[in-house]
Every structure is written in C-alpha cells, then in structure tokens.
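K.L.:
starting from these lines, generate the structure:
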Amino acid sequence: MANIKPFRAIRPTRDKAALATSRSYDQYSKRELKAQLSYNPYSFLHIIKPGYVNDINLSGEEKFKMVHKTYQDFKDQEIYKKDTKPNYYLHQKSYGKDVFWGIIAAVHVEDYQNNIIKKHEDTLKEREELFGNYLGIAGFNAEPVLLTYPDNNSLNRIYRKYSQHRAEYEFMTHTKRLHKMWIIDDEFDIETISEEFKKMNAIYIADGHHRTASSNYLANKLKTENPNHTGEECYNYFMGYLISDANLKISEFNRFVKDLNGYTSEQFLEKLSEFYTIELKGEKVYKPSKKHHFSMYLNGNYYSLYLKNTNYKINNALSDLDTHIIHKTILKPILGIYDLKTDPRIKCLPAILDKKQLKKEVDSGGFKVGFGLFPVSVDQLKAVVNEDLRMPPKSTYIEPKLRSGLTIFEIND
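P.N.:
Next up is the predicted model:
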C-alpha cells in the first residue's frame, strides 16, 4: 500500500505566489536567470542561487548553508509562511487544451525501498549522495517528485468538488501556463485521500528519480544517526505530486545525427531497408502515427519507416519501445552510435518544441539526418517497470513540469 500523508507546507503568501515560484533552475537560460535575479526580489531562485545580489560565488557545503540561510531570510520577511495544520494541496496546471490535476503530499521513503514506488531509470550514486547532503543542509524539498497512480474515481470526485471553489492561488506565468492551487483541509477528504492511496499496490515515478533516491539516501543516513528513530520523522518523507496516469502526458524525444557514418544517402537507405519498409513522403511535414513507425528527414525530404516484424523480434516490454528499436536497428548497427549520453554525433530533443523540428534542425546544417518517434504510452512505461527493466535514455518527455517554491516540505521539522 502507498503511504502518503498531509503536511504543513511552507508556501508564499497569496499576493506573492506568482512572483515567488519559479521553473526548475536548469530550465532557465543565462539571460532569463539574470533577469529574474536582477529584477524580482521575491523569486525562489534567490534561495537556489544565494549570493547573487552581493556578487558572491559559492560552492559545495558553503553554498548549501547559504541556501538554508537565504531560505530562513525569506521566512523572516514573511514572503513564505508555514500552514498551521497538515493539509493536502490540490494543484492544477493548464495551457492550451492540456489540464493537469494532482495532489501534493508527503510520501514515505519506505515505499521506495519496498518497490511500491517503482522507477524506470537507474540513478548515479554520486548524485544521490551530493543531493542528499544538499537536502540535509538546506533542510527542505522545494520541487515535488512527479508520481503517477491508477485513475481513481473517489479522488476525481474530491478534485471536482474543490475546483468549484475559489483557489488559494491563481496566476498566469509569462509562458502562458495557468496555475491554481486549493488547500484540502477537510478531515474527511484528507482521510479519504490517504485511504485511497493505501489501496494502491504501486505508484510510479514519472519524473524525479534522483530526487527520490537522494531523499532515500538522506533518510537512511539520518536513521543511523538517530538512536530514537521511529520511522515517522520528517526526514523519512519527501514531497510528491501525485497525478492520475490518465492525466499524464508523455511526448517523444526525436533523434538527430550529424553524419551517416561514412555511407552515402543511397547506401544508408539500402541499409535501412533490412529492417524497414521505406516510403518517400516529400517536403511536407510528416510524423509517425503509431508505435513501431518512424519518420525520417534526409536531404530535404521526409520518409516513413515501417518496422518489418520479420527481421526484428519483440520478446519483452523493453524491445517493444521505439527508442530501443531505433537504437538496435539504426543508431548502433548502421550509424555506429553506442551511447546516447556520451556520443557527440547525436542529439535528442523533445518534440514539443516545434512541429517542424526535423526539417529545421537538419536544414540548418547541424545534422545530416533526423528521426521522429511516436510517443511512449503510459502502459508501455509501466510494462517496462513491472518487468524490472529500465527505459533507454531520452525515451520520455513527461508533463506536467512543476514549479519550484509553490509548496515547501521541511525535512527537519
């Protein structure tokens, strides 16, 4: 059963919510970051990058301590305040036709240890330790881990009920994302939410594997240092944003390669024909319409690539993924690309950036060929996890992307 609980969030006052919250630090360009830090004194980015105003460059534990101090300063100035009782927090993010709903809650690390919280990526030990030490010194989670659960009618009814009332926060960002948040403080609703999650045998990490692993690292470390450990201390929990799998959106990462590994275009197409039925589609934008179907842009033309099942065998959930298929049939054997993470000849970009992405990236001269993929489904992702396998790199671009500093969970509370 999944063990979640309400918590007393530290969050910005209503009048400062739009100014205080931010995108994840690594999503800002240098220019955007400078503008935010120079002209918005309430931005949570000041906590993440302390010392900017006084032109102080910090690193390591010294920086972590300054993060904690700046966070305390924000609370002392009452930019952030702590709720008087534990609550769940209902958050809605919308743009265009996409509307995402989720519950922000405290999630127990034991569920991660016991494989109730399931992962689709492996993590690096050095990053777990680095961020775990950061959490221990800074003392808070400011951006929740994105978790997904099976669609649930009881939870959906609670969401609809609160959506009829005025939100505690309602603000639009300059990227045209509308954010709303309601405080779920009714004891019956809180109990219902907790009980519904207790009925779930598994929930899945959608985004935030290293944050989860780091929280687990810190919990284990503090457990050994606490002779009176009970398992209910705040350091045993991390902040999660729990969203129905029916409400999750997965987009694809397209692949771009700088050369054809010494082949001419004609030789390359001939090599592809071993695994694919190839059709020339011309200059008009063309995208794949189902799994095991790819688009390709080469020499000013789009092509469709249909996988020949006779030459490629699907024997588990991993081999069913298009990201695995393209690696095993094209990138590795033909183009000589063995590792997406380290090979400088390949670049992976989320397809949401531009409908004409293949054409623009290749025609710009930076790449010789581009491949468009069909998005991985939630069922495919779960199947990989349930077989205790791992997703290939750059398989999923998962939304919603969450804001930092909307709610904060204090580890040392």
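K.L.:
ok, which stretches of this protein are helices?
P.N.:
Applying DSSP state H to the chain gives helices spanning 17-20, 30-39, 45-48, 60-76, 109-113, 125-138, 153-163, 187-198, 209-225, 265-272, 322-326, 357-363, 378-386.
K.L.:
who's in contact with the fourth one?
P.N.:
It stands for helix 60-76. 10, 46-48, 50-51, 56, 58, 80-82, 133-134, 137-140 (C-beta atoms under 8 Å, 6 or more residues apart in numbering). From N, CA and C alone the C-beta is placed, and that goes for glycine too.
K.L.:
got the angle for that helix vs helix 125-138?
P.N.:
Inter-element angle recorded for helix 60-76 and helix 125-138: 40 degrees (by axes from the mean of the first three to the mean of the last three C-alpha atoms, to 10 degrees).
K.L.:
okay, buried residues for helix 60-76 please.
P.N.:
Residues of helix 60-76 classed as buried: 63-64, 66-68, 70-71, 74 (neighbour count, 16 or more other C-beta atoms under 10 Å).
K.L.:
any chance of CSV for those, columns pLDDT and distance to E387?
P.N.:
Below are those laid out as CSV (pLDDT from 0 to 100; distance: C-beta to C-beta, whole Å):
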residue, pLDDT, distance to E387
K63, 90, 40
F64, 93, 38
M66, 93, 44
V67, 94, 39
H68, 95, 41
T70, 95, 44
Y71, 96, 41
F74, 96, 45
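K.L.:
and the chain, what are its domains?
P.N.:
Domain ranges of the chain: 4-249+399-410, 253-395, per automatic domain parsing.
K.L.:
now the end-to-end length of the last one.
P.N.:
Same thing as domain 253-395. 6 Å (C-alpha to C-alpha, to the nearest Å).
K.L.:
per-residue confidence averaged over that domain?
P.N.:
Across domain 253-395, the average pLDDT comes to 95.
K.L.:
out of the helices of the chain, which one sits most buried?
P.N.:
Most buried of these, by mean neighbour count (mean count of other C-beta atoms under 10 Å): helix 45-48, with a mean of 23.
K.L.:
once you drop chain neighbours, what's closest to I352?
P.N.:
S251 (4.9 Å; C-beta to C-beta, 6 or more residues apart in numbering).
K.L.:
that neighbour against A351, yeah?
P.N.:
Yes: counting by C-beta atoms under 8 Å, A351 is a contact partner of S251 at 5.5 Å.
K.L.:
who touches both of the two?
P.N.:
375, 397.
K.L.:
what would the buried residues of helix 60-76 look like in CSV with distance to G231?
P.N.:
Listed next are the buried residues of helix 60-76 as CSV, based on distance: C-beta to C-beta, whole Å:
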residue, distance to G231
K63, 31
F64, 26
M66, 32
V67, 27
H68, 25
T70, 31
Y71, 26
F74, 31
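K.L.:
nearest to L335, of the residues you listed?
P.N.:
K63 (40.8 Å; C-beta to C-beta).
K.L.:
contacts only, for the residue nearest to I190 when sequence neighbours are not counted.
P.N.:
Computed as C-beta to C-beta, 6+ apart, the closest residue to I190 that is not its neighbour in sequence is P6, at 5.4 Å. Applying C-beta under 8 Å, 6+ apart to P6 gives the contacts 86-88, 105-106, 184, 190, 194.
K.L.:
who wins for neighbours among those?
P.N.:
A105 (28 neighbours; other C-beta atoms under 10 Å).
K.L.:
in this structure, which strand is the longest?
P.N.:
strand 98-108 (DSSP state E).
K.L.:
identify the residue nearest the most centrally placed residue in the chain in space, chain neighbours excluded?
P.N.:
Central residue of the chain (C-alpha atoms, centre = their mean): D207, 3.1 Å from the mean position. Distances taken as C-beta to C-beta, 6+ apart place L146 nearest to D207, at 4.1 Å, with adjacent residues excluded.
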